[in-house]
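> from the sequence below, what's the structure:
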Amino acid sequence: MAMEMSPEEIADILKGWGLSTTADSLAKPNADMVETIYWACLTQVTGITRDCLQQPLQSALQASQTVPRDEDKNLYSPALTLHILFYHLNRLIEAAGMEGFSLADIVNPKPTRTIQFLAAVINFVKFTDQFCEPFVQELQKRAEDLLNERDQTTEDLANILDRIATMKAKMAEDEPKCERLREENFILRSKVLAAKELQSSGLQELEKLKAEKTALIKRKELLNDELDSVNDSLMRTRSRIVQSPERIKRTISVMGSTANEDKRTVAIHESKARDLQAKVNALHNIERDVRGCIEQLQTIEKETMSLQASHKELADLRDHRDEKKIEQNELQLRRERVRKQVSNAHEKLERAQRHAEEKRAASQRTIERLQKDYNEMVSERRGNDEQLEKLRLEADAIDVQKNEHLRASEQELNELLAEYWKLRHSIDVYMETLANVLPTHS
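Have a look, this model is predicted:
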């Protein structure tokens, strides 16, 4: 039970809160005045005002599916506001150590209950202002820091998610290009492999042709040497006197045919050399194409490395996002722990307040009981003295009556004894007469 307060004290405190209330109005409360006072008490403790609830209230009514029309919403709005006030007031009054608060205490207030509940709330406000304000402010500061840290973490997470979404969009945008480059890379790789095979076969054939060319050049040199030797021999032969011109003609004819054959062979070899040169030029072109393919492959490898770096950066961002999620979970756990600590502190505060109120109420009850017992004892003692005097007088009167009654009783007893002996004597005479009469008849 809260400490009792007079209506004048409650009115003075409410004036300090900005409410013009008198003790007479508290002695005869009405619903509007009590609702205004309770709103002021709720604002003083929790900071909740009637105006700050209007926007959430309208939003709740707009979102409600059971209140379709605007006039119905206007009809339900005061009732919902009243129930919200009752909910918060009930929690506040229970925290103040009072029970039994109902909606009737707002819409149909009684003076005694209203003063009791207001006294409990005012005592609770004084107690919290005196003992709990630094602790509550520290908890509020810590809660605000945690909320700011949570907001910063949420903002960082949103930025990271935006960057990830941007990179995913860029990857999705570059995916067709990457796919096209992969296909081109595959085609170029196939071409390069085919060109390498063709180059290796061309190089082998070139080596063979070079070997044939070298052999033909040697043979040509041998034939030139032979032609030179033949020309020398021919010159020597012309300088001689020939005995057989026909044989010389035949020899010359044979040598001419041999020379023509050698010329044809040389022409064939020159044609082969030209073919080989054309093939060498073609191989040089192939080599240039292969070099271009290699450069394209290097470009593709650079793009692949850039793509891999992007993937790595994306993986790092994902890891960073996971770390932020873990930090967010830790912050949420810390917030829950702080909330539990605040709840435990409120519970301890409520228990301490209830204990203090119970001790104060028990002391008050003990004092009232002792005072009542003392007053009763005094009144009983005064009554006992008067009653004792009356009893003494009554005892004296009773003694007089007793003596008179004893004398009357002794006199009556003597008379009864005399009558008894007379009756006894009559019975004895009757018995003797009866005893004498019975044998005679028998």
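> when you work out contacts or count neighbours from here on, use the C-alpha atoms and nothing else.
OK.
> next, the buried residues of stretch 310-317.
314, 317 (16 or more other Cα atoms under 10 Å).
> report the distance from it to the chain centre.
27 Å (Cα atoms, centre = their mean, to the nearest Å).
> how near is residue 341 to residue 138?
Distance, residue 341 to residue 138, by Cα to Cα, to the nearest Å: 12 Å.
> same thing with residue 234?
Counting by Cα to Cα, the gap from residue 234 to residue 138 is 128 Å.
> more crowded one of these two?
Taking neighbours as other Cα atoms under 10 Å, residue 234 and residue 138 compare with residue 234 leading, 16 against 12.
> so after the one helix or strand that one maps to, what's the next helix or strand?
In this assignment (DSSP states H and E), residue 234 forms part of helix 133-239. Moving toward the C-terminus from helix 133-239, the next helix or strand (DSSP H and E) is helix 245-441.
> angles on the backbone of residue 21, please.
With angles defined as degrees, to the nearest 10, residue 21 sits at phi -130, psi 140.
> cool, residue 29 as well?
phi -80, psi 150.
> which residues touch it?
Each residue near residue 29 by Cα atoms under 8 Å, 6 or more residues apart in numbering is listed here: 109-111, 114.
> could you measure it against residue 164, distance?
64 Å.
> same thing with residue 104?
Distance, residue 104 to residue 164, by Cα to Cα: 58 Å.
> higher neighbour count, these two?
Using other Cα under 10 Å, the more surrounded residue of residue 104 and residue 164 is residue 164, with 18 against 11.
> was I right to think that one contacts residue 316?
No - applying Cα atoms under 8 Å, one finds residue 164 not in contact with residue 316, separated by 10.5 Å.
> I'd say residue 14 and residue 20 touch.
Yes - the criterion here is Cα under 8 Å, and residue 14 meets it with residue 20 at 7.2 Å.
> report how many residues lie close to residue 188.
19.
> in stretch 30-47, which residues are buried?
Quick answer for stretch 30-47 (16+ other Cα under 10 Å): 30, 34-35, 37-42, 45.
> in helices, which of those residues appear?
Taking DSSP state H, the ones among those that sit in helices are 34-35, 37-42, 45.
> residues in contact with residue 215?
Per Cα under 8 Å, 6+ apart, neighbours of residue 215: none.
> quick check, pLDDT for it.
pLDDT, residue 215: 83.
> one more: residue 110?
pLDDT for residue 110: 85.
> for it, grab phi and psi.
Torsion angles, degrees, to the nearest 10, at residue 110: phi -110, psi 140.
> give the contact list for it.
So residue 110 contacts 28-29 (Cα under 8 Å, 6+ apart).
> again, only using 7 Å
Neighbour list for residue 110: residue 29 [criterion: Cα atoms under 7 Å, 6 or more residues apart in numbering].
> all numbers from here: first residue = 477
Got it, the first residue is 477 from now on, which makes the last one we talked about residue 586.
> state the distance from it to residue 594.
12 Å.
> just give me the neighbour total for residue 535.
10.
> so, low pLDDT: which residues of the stretch 477-626 of the chain?
Applying pLDDT under 70 to the stretch 477-626 of the chain picks out residues 477-480, 537, 539-552, 607-609, 611-612.
> helices of that one, residue ranges please.
Along the stretch 477-626 of the chain, the stretches classed as helices by DSSP state H, counting those that start in this stretch are 483-492, 499-503, 507-522, 530-539, 546-571, 580-583, 587-603, 609-715.
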